[in-house]
Each structure stands twice: as C-alpha cells, then as structure tokens.
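Peer 1: Sharing a sequence plus its predicted fold:
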Amino acid sequence: MNENRTVLVVDDEHGHRLMVRAVLEDENWTVIEAGSGEAALRALAEAAENFVQPDVALVDMKMPGMDGLELLRELQVRRPGLPVVLLTAFGSVGSAVEAMKKGAFDYLTKPADNEELKAVLNKAYEYHRLLEENTRLKEEAGGDLNFIGASPGVERVRDLIAQAGPSEATVLILGESGTGKELVAEGLHRASLRKDRPLVNVNCAALPDDLLESELFGYEKGAFTGAVKDKPGRFQLASGGTLFLDEIGEMPAALQAKLLRALQEKIVEPLGSVKPVPTDVRIIAATNRDLKAEVASGRFREDLYYRLAVLEIRIPPLRDRKEDLPLLVSFLLRRLGRKNNKIIRTVTPAFLDALSGYDWPGNVRELENVLERALILSRSDTLGPDLLPPQITAGAGAYDQPEADEPHVSSPASLEEAEKLAIIRALEENGGHRERTAEALGISRRTLQYKLKKFGLTRR
C-alpha cells in the first residue's frame, strides 16, 4: 500500500513502541509516538499545527496517569471518527471488549503479533478513509456551489453573511441571474437565530399578480371563486423564520404598498378578511435589477426600497472572479460525475484556457450546464476544448497559439494541479492557518484536510 498513512502510538513501554515503529515503518506508516495519554494529546495538537492528522490510534489500556479508556474518551471528543485500537494484557480482554462498546475500533493483546498488528491497523485505516471520503462527499454534495473560491469578491460575500446572519435586519441581495442569490439567502438563514424555523421562498416573477398576493398574504374561505377553505399565506408559513422574496423587482406597484405595510406594522390581512394577522418573520429580498434605477423611473417604491435595503449584499458575476474557475470546475465535475456515473480525472490546459476566455453571462449556472454537456460527450476521463460549445471556444484562440516572442504561462496540466496550486496560494495568503484557508476556499475544514493529505501538503 502506497497511501500516506499516519498512526498515533501511545504506550508507556518504550521498548514496545520501538517494536511497533519498526514494524509499521516497514509498511510505509508515519508513526507519531507518545509515552502517556497526556503526551498523546500534546502530540496530536502539535501534529495538527503541521497539517498532520493520524488515521488510526494504537493505545495501551494500562498507563500511569491518563489510561487508555480516558484517552479514548478524549480522542472521541477531539477527533470524532478516529478509529482507536486498544492494546491490552491477556488477562484484561474483558475490559477491552467493554471499551469496544464505548467506541473503540478493535483491540490487540500484548505483545501483539506483527501480522495481526498490520492487519488490524490496515482495516482501521480503510474504515477511516471511507468515513472521511463519505463525509467529504456529503459536504460537497450539499455545499454552497457559488461560494467555492478564494477571490476577494467571494470572501466579501462570506464575511457579510457571517456579520448580517445573526441580526434581524432585512437584507437585499443583488446579483445577476445564476450567481446564487438563493444560496446567500440560505446562508443568512442558517447563520441566524431563526435557523431552526422555516425558510420560505417566494419567486415574485413566477406568479401572476393576483396569485402572488394570495400566496403572500393568504385568503379566507369565500374570498373569491374557488376559495373553498382558508389558506395561510407565506408570511404565516414562515412565522418565526425567514421569508425570502426572490426577484422582488418584478413585484407590481399595488402589491408593493401592501408589502410595505406588512413590513412596517408587522401584520398581514388575508384576502377576504378584515382582521389583521400578526407576523414574525425576517425578510430577505433579492433581485437582478438595478433597484435604484427602478426607483428613479417610478417603477419601484422608494420607501419600500429603503425598508428592504438595510444591508445590501452584492454577488460578483463569474467573469469578475475567474481565478475561482479551477476550484469551481473541480467541485462541479465531481458532483456531476456522481450524478451521471462517470469519472473525469483531468482537463487539458486548452480546456481551462477556453473557460477563462469566456465571459459567462449565465454565471455559475451556465458553467454547470457546459461542464455536464462536456462530461456526457466525453469518451475518456479527460476533457478537452473539442467538448465545449462554439461560443466558448471562439474566444480561446489566443491561448492556443501564443506569439513566439511573448512568454506564455500555460494552465496547469491537470484539474488536480490547478486545485493544488489554488490551495497552496490560499495557504500562503492565510499564513498556513487551516480554518482561515478553508473559509477562503469556501470548503469545510475536513475537506481541506482531505485535500492537504491527497496532495502531499501535510507538512509545512
């Protein structure tokens, strides 16, 4: 096995640690030693500072001070999911079995047989690898696609979400179609004190005017033909939570006045009712229009605009953050590959150059469609520019044939190299701090750790 595997060996018997080290280093394990439970926790913290995390822990049951069971409990808190294999004397097997019920992965009796030791640790490693991979895939599958990246514009959006999320202020999200306004709304809701209550979405452009009013405010039985029973509106359905008004710039003027009253007085009047209903919702609105221009032209109420725009979050279009393309492409191809049961391992330099030479009027949504088309049409695990639609390759000629007297810096030879370079750059910009680096890249700390290990970046 050639994987870069790391084991934490904790045993107060120095001779036994040396024996285990000799056996495991012959099998290409990296061994971190500790002579006590307390020393193991210090070693764990020191290793983490150097981007190293053990895949398995081999812990002696009987040690002075913190014993194996106490260390097991600590490791379960500090490193959830880390498989712990216990070492025990022959007469204490019952204790080891009891420890397995408390979360230990397996146990070995001392002195451990070399072949059994290797087999058990390999099994624990494989368990840990699959657990990490499954967790990473789940995170990526539900990740915030439009916030993958390390560009300044994306970082500003993430900072504003973190600052505005816990407040009760109304937020106006501005951005072109396909930039991910709904994801910003979801991020604000998850960061709020209302996160355990509903997030209710209303697309103001998708509903006719009369239907939009009844959807927002609800109606009573008999309010109009076909109203055979009372129906609560979205304001009532979002009670205690967040109401997201997408494409607010499309709302008709008459309905704008009714919405303004609901925001100011925190009440709504269902159609057919004369009894106001109290509301408790936080409003987040979004639009791809220039609302200030709409106000100036008289198509949008000025007082409603200022009521909505307590804080504005502007999402940058993809053409203004093309440095994020390698990470976005990597993320999308993995997700699309799972969806279509097809693995793409590499993209050519010309493929990435063509993507970088295009302005992406449809933003990340368009990028996803283009990549899915290329993935489906590909006959191998490599994507080249021949798989891209003509409108994208039309602007890429300058990348294919650089002038002889001009230096040409080629794109990375593979998608993985592009991703690796982006991670290295983010690490350098954040002084090697893993949490800040993960935030800058728009990925979780666990996913960053996986990639550091994958690319051999587990040492300073």
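Peer 2: Yes, it's here.
Peer 1: Quick check: which element contains residue 312?
Peer 2: Assigned by DSSP states H and E, residue 312 belongs to strand 311-314.
Peer 1: Please list the residues outside that strand that contact it.
Peer 2: Residues outside strand 311-314 that contact it (C-beta atoms under 8 Å, 6 or more residues apart in numbering): 157, 160-161, 164, 169-175, 184. (C-beta placed from N, C-alpha, C; glycine too.)
Peer 1: what's the helix or strand just after it packed up against?
Peer 2: Moving toward the C-terminus from strand 311-314, the next helix or strand (DSSP H and E) is helix 325-340. Where contact means 3 or more C-beta pairs under 8 Å, 6 or more residues apart in numbering; DSSP states H and E, helix 325-340 is packed against helix 114-141, helix 349-356, helix 363-377, helix 415-429.
Peer 1: buried ones in helix 325-340?
Peer 2: Within helix 325-340, the residues that qualify as buried are 325-337, counting by 16 or more other C-beta atoms under 10 Å.
Peer 1: before we move on, back to that, possible to save the helices and strands packed on helix 325-340 as CSV with distance to residue 43?
Peer 2: Below are those laid out as CSV (distance: least, C-beta to C-beta, whole Å):
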stretch, distance to residue 43
helix 114-141, 18
helix 349-356, 41
helix 363-377, 42
helix 415-429, 23
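Peer 1: Please identify the deepest-packed of those.
Peer 2: The highest mean neighbour count among those, using mean count of other C-beta atoms under 10 Å, belongs to helix 349-356: a mean of 22.
Peer 1: doesn't residue 83 make contact with residue 72?
Peer 2: No. Under the criterion of C-beta atoms under 8 Å, residue 72 is not in contact with residue 83, lying 10.8 Å apart.
Peer 1: So what are the structural domains in this structure, by residue number?
Peer 2: The record, using automatic domain parsing to delimit domains, assigns the chain the ranges 5-141, 149-316, 319-454.
Peer 1: now the shortest one: mean pLDDT?
Peer 2: The average pLDDT within domain 319-454 is 78.
Peer 1: mind checking the end-to-end distance for it?
Peer 2: End-to-end span of domain 319-454 (C-alpha to C-alpha, to the nearest Å): 30 Å.
Peer 1: Who are the contact partners of residue 204?
Peer 2: For residue 204, the set of contacting residues under the criterion of C-beta under 8 Å, 6+ apart consists of 212, 245-251.
Peer 1: separation between residue 16 and residue 87?
Peer 2: With distances taken as C-beta to C-beta, to the nearest Å, residue 16 is found 8 Å from residue 87.
Peer 1: Look at the two and report which has more neighbours.
Peer 2: Of the pair residue 16 and residue 87, residue 87 is the one with more neighbours under other C-beta atoms under 10 Å, namely 26 against 16.
Peer 1: Could you pull up phi and psi at the more buried one?
Peer 2: When read as degrees, to the nearest 10, the backbone of residue 87 gives phi -100, psi 130.
Peer 1: So it is in contact with residue 13, correct?
Peer 2: No. At 9.4 Å, residue 87 does not count as touching residue 13 under the criterion of C-beta under 8 Å.
Peer 1: Overlap of the contact sets of the two?
Peer 2: What both residue 87 and residue 13 touch, as defined by C-beta under 8 Å, 6+ apart, is the set residue 60.
Peer 1: Identify the residues contacting residue 189.
Peer 2: Listed by C-beta under 8 Å, 6+ apart, the contact partners of residue 189 are 165, 195, 199, 241-242, 244, 284.
Peer 1: Secondary structure added to those residues, as a markdown table?
Peer 2: Formatted as a markdown table, the entries for the contacts of residue 189 read as follows, by DSSP: H, G, I helix; E, B strand; the rest coil:
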| residue | secondary structure |
| --- | --- |
| 165 | coil |
| 195 | coil |
| 199 | strand |
| 241 | coil |
| 242 | strand |
| 244 | strand |
| 284 | strand |
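Peer 1: What is the nearest of those to residue 24?
Peer 2: Set against residue 24, the nearest of these by C-beta to C-beta is residue 195 (44.5 Å).
Peer 1: burial of the closest one, as a residue count?
Peer 2: Other residues lying near residue 195 total 14 when counted by other C-beta under 10 Å.
Peer 1: Turn the contacts of residue 204 into CSV, including distance to residue 457 and neighbour count.
Peer 2: Compiled in CSV, the contacts of residue 204 are given as follows (distance: C-beta to C-beta, whole Å; neighbours: other C-beta atoms under 10 Å):
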residue, distance to residue 457, neighbour count
212, 51, 20
245, 43, 23
246, 40, 20
247, 43, 18
248, 44, 27
249, 45, 19
250, 47, 17
251, 49, 25
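Peer 1: Excluding sequence neighbours, find me the nearest residue to residue 164.
Peer 2: residue 311 (5.2 Å; C-beta to C-beta, 6 or more residues apart in numbering).
Peer 1: follow-up on the earlier one: narrow the contacts of strand 311-314 to those in helices?
Peer 2: When the contacts of strand 311-314 are checked against helices using DSSP state H, the ones located there are 157, 160-161, 164, 184.
Peer 1: Among the residues you listed, which one lies nearest to residue 47?
Peer 2: residue 161 (32.0 Å).
Peer 1: Which pLDDT value belongs to the closest one?
Peer 2: So residue 161 comes in at 92 (pLDDT).
Peer 1: Return the distance of it relative to residue 56.
Peer 2: Taking C-beta to C-beta, one finds residue 161 at 37 Å from residue 56.
Peer 1: Likewise for residue 346?
Peer 2: In this structure, residue 346 and residue 56 are 31 Å apart, going by C-beta to C-beta.
Peer 1: And residue 22, by the same measure?
Peer 2: Between residue 22 and residue 56 the distance is 17 Å, computed by C-beta to C-beta.
Peer 1: again with residue 379
Peer 2: If you measure residue 379 against residue 56 using C-beta to C-beta, the figure is 40 Å.
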